[in-house]
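Student: Have a look; sequence and predicted model below, questions after that.
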Amino acid sequence: MGTGIQIWSTAKTLATGAIIGLTISDRYLTIVTTKGDSMHPTLTAADSFFRGDVVFAERGCLDKYKFSRGDVVIFKCPSDHNKDFVKRLIALPGEWIRIPVSQEIIKVPEGHCWVEGDNADRSWDSRSFGPIPLGLIKGRVTHIIWPPSKMGRVERKWPEDSAICSVYLQVNQPKGQLKP
């Protein structure tokens, strides 16, 4: 009888832990393994057992879309919602972007943002697929938790070697008065 009670008690504890873990993961934070080189050197792939950096992403920012330029975000791929991308948020709704190759100037629509990889030459990002709906964002990357050599906070920054230099902000300026 004692063994059956112990098994039942352990099963209840595991089930409760799983439910709590899923709730926390779904509502507050998630753990993601990065893939690819698009966010190098901030995040890297294929340099550890996990084949990429393992990061925490907090979901609290999704409430009323509290983001800032320079945040690293996880979002659903606009053309394939089964894939997740990790990129840096470059421009917010209502801001202007100049695409370096075409020199085209685009205003980011309301409810959208512009994302780019830190490694511009190896990134498929808003320069390819345009602004993304804020609703596709799943969270903000806050910490690297693996490998131990890189453990720590992920900085909000503007890497100088990426196409981020293409950002132009429009703040209460008349139409056509775009300043770099």
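Tutor: Nice, I can see it. What you are looking at is a predicted structure, and each value in this text was computed from that prediction instead of being measured. Numbers count the residues shown, from 1 in each chain.
Student: could you give me the average pLDDT of the host helix or strand of Arg127?
Tutor: Assigned by DSSP states H and E, Arg127 belongs to helix 126-129. Averaging pLDDT along helix 126-129 gives 90.
Student: got it, and stretch 150-162?
Tutor: Regarding stretch 150-162, the rounded mean pLDDT is 76.
Student: quick one on the thing from earlier: mind listing what's buried in the helix holding Arg127?
Tutor: Neighbour-count burial for helix 126-129 flags 126-127 (criterion: 16 or more other C-beta atoms under 10 Å). From N, CA and C alone the C-beta is placed, and that goes for glycine too.
Student: Quickly run through the sheet partners of the helix or strand following that helix, with directions.
Tutor: Moving toward the C-terminus from helix 126-129, the next helix or strand (DSSP H and E) is strand 132-133. Its sheet considered, strand 132-133 pairs with strand 112-116 (antiparallel) by DSSP bridges.
Student: Show me how far the strand it pairs with is from its chain's centre.
Tutor: Counting by C-alpha atoms, centre = their mean, to the nearest Å, strand 112-116 is centred 10 Å from the centre of its parent chain.
Student: picking that back up, from the contact counts, what lies against the helix holding Arg127?
Tutor: Other helices and strands packing on helix 126-129, by 3 or more C-beta pairs under 8 Å, 6 or more residues apart in numbering; DSSP states H and E, are strand 112-116.
Student: Figure out the helix or strand that the most centrally placed residue in the chain lives in.
Tutor: Nearest to the geometric centre of the chain sits Val73, at 1.5 Å (C-alpha atoms, centre = their mean). According to DSSP H and E, Val73 maps onto strand 72-77.
Student: Perfect, that will be all.
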